[in-house]
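Asks: Fold the following and give me the result.
(one chain, ligands or ions: 1)
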Amino acid sequence: MNLLDLLFPKKCVFCGKPMDGDKCKRCAGLLPVTEGMRSVKRGEFFSLCVSPFYYSGPVSESIRRFKFSGRRSYAGTYAKYCAPLVRERLEGRFDVITWVPVSRKRARKRGYDQAELLAKAIAKELGMRCERLLVKKRDTPAQSTVTGGARRRANVSGAFSVNGDAAGRKILLVDDIITTGATMSECARMLLMAGAEDVVACTAATAGR
Ligand SMILES: [Zn+2]
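Replies: The predicted model follows:
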């Protein structure tokens, strides 16, 4: 334990109580964890997406705090759950890590980009490179307010562009949540058009059991 941990005991991202170690013993067994291949989603332009949690109960409340209430430090905890799953399912399938960005406007307003924090924390856990490869060119209505697969695809169509070197690379794309996969797929499409060899993905949570 280091001095910072003594001064500011780490609090569980789910129940908010102080904890020792990386994972909360109180919440163990109460979280909606995914298991086996049920954690995997496939998309039109990404070959695989793994997620340690379902987006429900304490996880959905926690992710909302991570996104909207300034809880930047949650990235570290989520990375501790994501990294082993990535290692187990996606080992050798990527050589660089990137993320699904929010627009500059939204990042400025919020003070941070939660997917960027998560991607960097996962990269740190895995000892791998994390680079910005995408920018979001315009703000789009939140996908959660848009119903239907086709509408969700249209909502994010053309919203992202590549601003890094994607050519010939195998990419792990990180985001906080995957629902229909429309946003992930649109980002993967742009990376493939920029010459990426393959795109796999990881999110902290996946919607729907
Ligand atoms: Zn807890």
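Asks: From now on I want contacts and neighbour counts done on CA atoms only, so please keep to that.
Replies: Fine.
Asks: ok but residue 175 is inside a helix, no?
Replies: No. Residue 175: not assigned to a helix; according to DSSP: H, G, I helix; E, B strand; the rest coil it is strand.
Asks: State the pLDDT value of it.
Replies: Confidence per residue is given as pLDDT, and for residue 175 that number is 98.
Asks: Show the contacting residues for it.
Replies: With contacts defined as C-alpha atoms under 8 Å, 6 or more residues apart in numbering, the neighbours of residue 175 are 99-100, 115, 118-119, 184, 202-204.
Asks: again, 7 Å this time
Replies: With contact set as C-alpha atoms under 7 Å, 6 or more residues apart in numbering, residue 175 has these partners: 99-100, 115, 202-203.
Asks: Determine the number of other residues adjacent to residue 125.
Replies: 15 (other C-alpha atoms under 10 Å).
Asks: Give me the secondary structure label for it.
Replies: Three-state secondary structure (criterion: three-state DSSP) places residue 125 in helix.
Asks: How about it: what's its closest non-neighbour residue?
Replies: The shortest distance from residue 125 to any residue other than its chain neighbours is 6.4 Å, reached at residue 83 (C-alpha to C-alpha, 6 or more residues apart in numbering).
Asks: From the contact counts, what lies against the helix or strand hosting residue 118?
Replies: Assessed by DSSP states H and E, residue 118 sits inside helix 114-126. Using 3 or more C-alpha pairs under 7 Å, 6 or more residues apart in numbering; DSSP states H and E as the contact test, the elements touching helix 114-126 are helix 74-90, strand 96-99, strand 170-178.
Asks: which stretch among the ones you listed comes nearest the ion?
Replies: With distances scored as C-alpha to the ion, the stretch of the helices and strands packed on helix 114-126 nearest to the ion is helix 74-90 (11.2 Å).
Asks: Just confirm yes or no for the closest one near the ion.
Replies: No. For helix 74-90, no contact with the ion is found by C-alpha under 5 Å from the ion; the gap never falls below 11.2 Å.
Asks: Sort out which residues of that helix are buried, please.
Replies: 74-86, 90 (16 or more other C-alpha atoms under 10 Å).
Asks: which ones are touching residue 109?
Replies: Applying C-alpha under 7 Å, 6+ apart to residue 109 gives no contacts.
Asks: Nothing else from me, thank you.
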